[in-house]
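> fold the following for me, if possible:
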Amino acid sequence: QVQLVESGGGLVQPGGSLRLSCVASGFTLDSYVIGWFRQAPGKEREGVSCISTSGGSTYYTDSVKGRFTISKDNAKNTVYLQMNSLKPEDTAVYYCAKKRRPCQFGVYDYWGQGTQVTVSS
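Residues are numbered from 1 along each chain as shown. Modelled structure (predicted):
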């Protein structure tokens, strides 16, 4: 059974850091691209980052470049999103999802349930 389970969200002050995890089961990460997306209240879902099957290629939306880092541990079937220098506008529910290559935002075929990230003082 395919599953994606996100964790690591929470409340953090502006300028703080969080690391999100996406644990995959029912498939192996070396066969699928994993993307991170977010949806803020009243806004459309947007792509944040993705990582290729090998981990050698990554992509970030402009608003998080230099602040967020995506990585993966195929042995643990886990993808991480390290988020630094967080801003209030990063507040959203964050989702991970999978698709076949290439690493890009587009149609993903399976989604996790999401984890809430709130950046506030």
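
> what about Ser63, distance to Met83?
12 Å (Cβ to Cβ, to the nearest Å). To be clear about C-beta, it is placed using only N, CA and C from the backbone, and glycine gets the same treatment.

> name the nearest residue to the residue nearest to the spatial centre of the chain, ignoring sequence neighbours.
The centre of the chain sits closest to Trp36, judged by Cα atoms, centre = their mean, with a distance of 2.7 Å. Spatial nearest neighbour of Trp36, chain neighbours left out: Val48 (4.4 Å); criterion: Cβ to Cβ, 6 or more residues apart in numbering.

> shouldn't that neighbour be within a strand?
Yes. Counting by DSSP: H, G, I helix; E, B strand; the rest coil, Val48 is part of a strand.

> that one against Phe37, yeah?
Yes. Counting by Cβ atoms under 8 Å, Phe37 is a contact partner of Val48 at 5.9 Å.

> looking at Ser63 and Met83 now, which is surrounded by more residues?
Met83 (27 against 12; other Cβ atoms under 10 Å).

> and that one, what does it touch?
Ser17, Leu18, Arg19, Leu20, Val64, Arg67, Phe68, Asp90, Val117 (Cβ atoms under 8 Å, 6 or more residues apart in numbering).

> neighbours around the second one, how many?
For Leu18, the number of neighbouring residues by other Cβ under 10 Å comes to 20.
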